[in-house]
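Student: below is the structure, and that's it, no one-letter string:
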């Protein structure tokens, strides 16, 4: 059965810390992996990763995919209280019945 | 450009009733997908509609159904509601479907009592 596992489930850090969130997957016929940030509202898109080893960056956030070891990491440097959210990872399978398989998310709390 | 709009935002229903949720995608987007989010199960894919046709489907019972209209607006229906259907129902739209970036609405919070 296809599955996506995120770790840790929750994390508390202080402003200025760097965090690394993990997402591992077992999906038949992998197509791409996505990261979303969810505060108390709709998830907002962060990154889509399709190729191994190519880092995507957006400000203090970056992400990379390892298709050999079947995982991705999301890094946040110099964290701010506004980074507090649930970070969701999802994998898209290829093939005819294409769907998104979601992890349970990592709840990040950044304290001042 | 307006985002994805879902209505109603909050609703309470009793067991056995049915409910219809509505989603208006971003203008120009032809794909609408639906998700159920609960604390224990996280986000789970329900189905995707593209050009009025159901294109992909998750592993939910037949009580969960949907449709898409010619203007790309979509509705999701849940019949014979159960307590376990209490969840946040999220709709997302994209230009060409799952495989491209999807944009979420604010969701509809359904409580079944």
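Tutor: Nice, thanks for sending it over. Note that this is a predicted model, so its numbers are computed, not measured.
Student: quick one: strands adjacent to the helix or strand of chain A with the lowest mean pLDDT?
Tutor: The weakest-scoring helix or strand in chain A, judged by mean pLDDT, DSSP states H and E, is strand A:100-102 (a mean of 89). With DSSP bridges as the test, strand A:100-102 is paired with strand A:85-93 (antiparallel).
Student: what residues does chain B have near chain A?
Tutor: Counting by C-beta under 8 Å from any C-beta of the partner chain, chain B comes close to chain A at B:3-4, B:33, B:35, B:42-45, B:48, B:55-58, B:90, B:97-99, B:101-107. C-betas here are computed from N, CA, C, even on glycine.
Student: before we move on, back to that, so which elements touch the helix or strand just after the least confident helix or strand of chain A?
Tutor: Moving toward the C-terminus from strand A:100-102, the next helix or strand (DSSP states H and E) is strand A:106-111. The contact analysis (3 or more C-beta pairs under 8 Å, 6 or more residues apart in numbering or on different chains; DSSP states H and E) places strand A:106-111 against strand A:10-14, strand A:19-26, strand A:85-93.
Student: quick one, strand A:106-111 and strand A:85-93 angle?
Tutor: Calculated by axes from the mean of the first three to the mean of the last three C-alpha atoms, to 10 degrees, strand A:106-111 forms an angle of 160 degrees with strand A:85-93.
Student: residues making contact with strand A:106-111?
Tutor: Strand A:106-111 is touched from outside by A:6-15, A:17, A:19, A:21-22, A:76, A:79-87, with contacts defined as C-beta atoms under 8 Å, 6 or more residues apart in numbering or on different chains.
Student: for chain B, what are the nearby residues on chain A?
Tutor: Counting by C-beta under 8 Å from any C-beta, chain A sits next to chain B at A:31-32, A:34, A:36, A:41-45, A:48, A:88, A:90, A:92, A:94, A:97-105.
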